[in-house]
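Participant: Whatever this is, show me its structure:
(2 chains)
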Number of protein chains: 2
Amino acid sequence: MYIDGLNCSRMTRDQLVTLRRARIGAVTTTCGFWEDATESLDAVAKWRHFAEDNADLVGIARTAADIRALAAEGRTALLLGFQNSSMLQGRLAYVDFFAEIGVRVVQLTYNIQNDVGGSCYEPVDSGLTRFGHEVVERMNRAGMVIDLSHVGNRTSLDAIAASGRPVAITHANCSDITDHPRNKPRAVLEAMAEGGGVIGVTTYHNLTRGFIETPAAWSEMVARTVDIAGIAHVGIGTDANVGGTDEYRAWMRSGRWSRRPQQGAGLATGAPSSGPPAWFGGPGDFPVLDEALRARGFSADETAQLMGGNWLRFYDEVLGVPAPAPVPEPALASGGE
Amino acid sequence: MYIDGLNCSRMTRDQLVTLRRARIGAVTTTCGFWEDATESLDAVAKWRHFAEDNADLVGIARTAADIRALAAEGRTALLLGFQNSSMLQGRLAYVDFFAEIGVRVVQLTYNIQNDVGGSCYEPVDSGLTRFGHEVVERMNRAGMVIDLSHVGNRTSLDAIAASGRPVAITHANCSDITDHPRNKPRAVLEAMAEGGGVIGVTTYHNLTRGFIETPAAWSEMVARTVDIAGIAHVGIGTDANVGGTDEYRAWMRSGRWSRRPQQGAGLATGAPSSGPPAWFGGPGDFPVLDEALRARGFSADETAQLMGGNWLRFYDEVLGVPAPAPVPEPALASGGE
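Facilitator: All right, here's what the predicted structure looks like:
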């Protein structure tokens, strides 16, 4: 089964047909980047309606069992994801609400600091805050995937340490391989892997640079990632933006926090990007990635792990699987203000 | 004119009568601690209704001229303040909205980190974020008072440096005098004063400890604060909670971010607090503070500055006074994601 760890495509029925043709078993969507609680509810509603309108091709999955059941019916599983924890609007209780309505992947921060922690693009990374620790604990209990893709490195290490469950980096690369603030250093990948997590290696040209120019170069990048994180802890997370408009891209980059144009991953750091590759247009081209990995020398089993098996194992452990509640602490003495 | 830099009282008409009797010319209320945009609008509406229902005693002020006009009519000026920037809900544009509906004092963070910066109680202080810099700039342009009372020290120094206008610490003390995470170190007071700002020395027992036990001890604390910040940069900010209930106090302390009881200023750090003083119950006892400062040796002029003159001068410079817009930067090249 092929699994795309996360993308931000504005999905259409045509794209779903492409996913079926490419044998994509599951893909995590991006329902939002900056949205608050009400906007996030509306986003989930839109994705539900989309799934309902295309129920012959797709279904929303809350567990690994759902993914398998959908696959058996010849349908692609959609996992609902957000690239921010802004849906919580500062309420710890909202973790449970969003989990109960089927949200399964939540990235702790997007491109700026928030009440949970620091972002990869923020000049100073605060680390995981006290509220962030509360959120991680609740997400564990709710069986939500903690995504660290845009999260700062210090906050990522804190979250990995605080989490009682494996965590994901759904769409990034290793900065030891391609230097970019959006990519994660070796130390973070190792900590993530040690905790049982998975990194979705991306195909996004701004984060891969020269490694995306040919299938062989990309599979070389995957091989180096496997050397660092281990064969059981690497998958694919395209971060593809199929059907995205300039307006959508501007929304992603700037949100509502600044009137100054923000460059996101397009900021210049060293060697310029080669631009989107001709040979890979999105998850529809997963079969090409499969071939590239086999050509690189990965065995059939290893390739199956990388193409989706590792994600599925990770989902078996985390997705919708409630961690036990912690032992209650003795009540602290309350004071004044 | 007596001015209370900020308190968090649940005001009633009886309290307004007390304020008039004590000759309080202006007081900044706390409209909220954790409230998002809609809740903050509702809070402002409630305070407007309260002011309308007691229009013989009070009026909402947006400028120093308003304060003087109200004083001439024998009415107390209410300034609308919030102890958090959570009303913005991540939208830079909301700074202008709230300024235009009369909000005049906004504290950058309350007791936890947010998207603007770090809190005095957060183990790690991120400093002022990029969004925080945007907010400071907009608040300058809107003539809003930037309040640093619960803000982390690093974030405070960053905000003072970033602000083109004097800033306030409406309700705190100097931690060099009374050690407590809620109090500010000498370096912050000096930077604030250098920028033309004012610190409202508090009467809150958890932040003053032994210095609140007698009027003489409190005026000694004021004298030490004046030694550090300068006679022109010290006022009073009681942080009084007249009429506050346990439920209100619990809301202040914990908000919605944790189920674990939070102690706020009541956390134990060294010498325990002596408890609320018998001789001071709130802004109604300002005349006692006046006497204490005179007894300490402050001249009539100096006492008038400390009791309200410095705040009024600060309001002349900042309150509702728009700073000029910055020169637009050349448009940056936009990139991908």
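
Participant: just checking, A:T208 touches A:V222?
Facilitator: No - in this structure A:T208 lies outside contact range of A:V222 using CB atoms under 8 Å: 10.3 Å. C-beta here means a position set from N, CA and C on the backbone, and glycine is covered the same way.

Participant: which residue ranges form the strands in chain A?
Facilitator: For chain A, applying DSSP state E gives strands covering A:2-4, A:24-30, A:58-60, A:76-82, A:103-107, A:145-147, A:168-172, A:198-201, A:234-236.

Participant: send the alpha carbons of the fourth one over as PDB?
Facilitator: The C-alpha coordinates for strand A:76-82 follow below in PDB (Å, rounded to 0.1, in the frame of the first residue of the first chain):
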ATOM      1  CA  THR A  76      -8.300   5.700  -0.800                       C
ATOM      2  CA  ALA A  77      -8.300   6.700   2.900                       C
ATOM      3  CA  LEU A  78      -8.200  10.400   3.700                       C
ATOM      4  CA  LEU A  79      -6.700  11.300   7.100                       C
ATOM      5  CA  LEU A  80      -7.700  14.800   8.300                       C
ATOM      6  CA  GLY A  81      -4.700  16.900   9.200                       C
ATOM      7  CA  PHE A  82      -4.000  20.500  10.100                       C
END
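
Participant: Report the angle between it and strand A:103-107.
Facilitator: For the pair strand A:76-82 and strand A:103-107, the angle between their directions (axes from the mean of the first three to the mean of the last three CA atoms, to 10 degrees) equals 50 degrees.

Participant: Now do the buried residues in strand A:76-82.
Facilitator: A:76-82 (16 or more other CB atoms under 10 Å in any protein chain shown).

Participant: With the flanking residues excluded, which residue is spatially nearest to the residue nearest to the spatial centre of chain A?
Facilitator: Ranked by distance to the mean C-alpha position of chain A (CA atoms, centre = their mean), the top residue is A:T170 at 2.9 Å. Excluding the flanking residues, the one nearest A:T170 by CB to CB, 6 or more residues apart in numbering or on different chains is A:L6, at 3.8 Å.

Participant: What's the nearest residue in the stretch 101-250 of chain A when you look at chain B?
Facilitator: Closest residue of the stretch 101-250 of chain A to chain B, CB to the nearest CB: A:S126 (3.7 Å).

Participant: The stretch 101-250 of chain A against chain B: which residues are in contact?
Facilitator: With CB under 8 Å from any CB of the partner chain as the criterion, the stretch 101-250 of chain A meets chain B at residues A:112-115, A:118, A:122-127, A:129-131, A:134, A:204-206, A:239, A:241, A:249-250.

Participant: could you check the angle strand A:24-30 makes with the helix or strand of chain A with the lowest mean pLDDT?
Facilitator: Taking mean pLDDT, DSSP states H and E as the measure, the helices and strands of chain A show their lowest mean at helix A:246-254, namely a mean of 90. Our comparison of helix A:246-254 with strand A:24-30, counting by the same axes, to 10 degrees, yields an angle of 70 degrees.

Participant: chain center to helix A:246-254: distance?
Facilitator: Between the mean C-alpha location of helix A:246-254 and the chain-wide mean there is a distance of 18 Å, by CA atoms, centre = their mean, to the nearest Å.

Participant: repeat for stretch A:315-322
Facilitator: The offset between the C-alpha centroid of stretch A:315-322 and the centroid of the whole chain comes to 15 Å, using CA atoms, centre = their mean.

Participant: Can you list the buried residues in it?
Facilitator: For stretch A:315-322, burial by neighbour count (16+ other CB under 10 Å) applies to A:315, A:318-320.

Participant: With stretch A:150-163 instead?
Facilitator: In terms of neighbour count (16+ other CB under 10 Å), stretch A:150-163 has its buried residues at A:150-160, A:162-163.

Participant: Repeat that for stretch A:306-316.
Facilitator: Neighbour counts over stretch A:306-316 (16+ other CB under 10 Å) mark A:306-315 as buried.

Participant: when you check chain B, which of these turn up near it?
Facilitator: Filtering the buried residues of stretch A:306-316 for proximity to chain B (criterion: CB under 8 Å from any CB) leaves nothing.

Participant: returning to that earlier point: give the contact list for the residue lying closest to the residue of the stretch 101-250 of chain A closest to chain B once chain neighbours are set aside.
Facilitator: Leaving aside its sequence neighbours, A:S126 sits nearest to B:S126 (CB to CB, 6+ apart; 3.7 Å). B:S126 makes contacts with A:113, A:118, A:122, A:124-126, B:113, B:117-118, B:152, B:154-155, as judged by CB atoms under 8 Å, 6 or more residues apart in numbering or on different chains.

Participant: Just send those back as a markdown table, with pLDDT too.
Facilitator: A markdown table is the format used below for the contacts of B:S126 (pLDDT from 0 to 100):
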| residue | pLDDT |
| --- | --- |
| A:Q113 | 98 |
| A:G118 | 98 |
| A:E122 | 96 |
| A:V124 | 97 |
| A:D125 | 98 |
| A:S126 | 98 |
| B:Q113 | 98 |
| B:G117 | 98 |
| B:G118 | 98 |
| B:G152 | 98 |
| B:R154 | 98 |
| B:T155 | 98 |
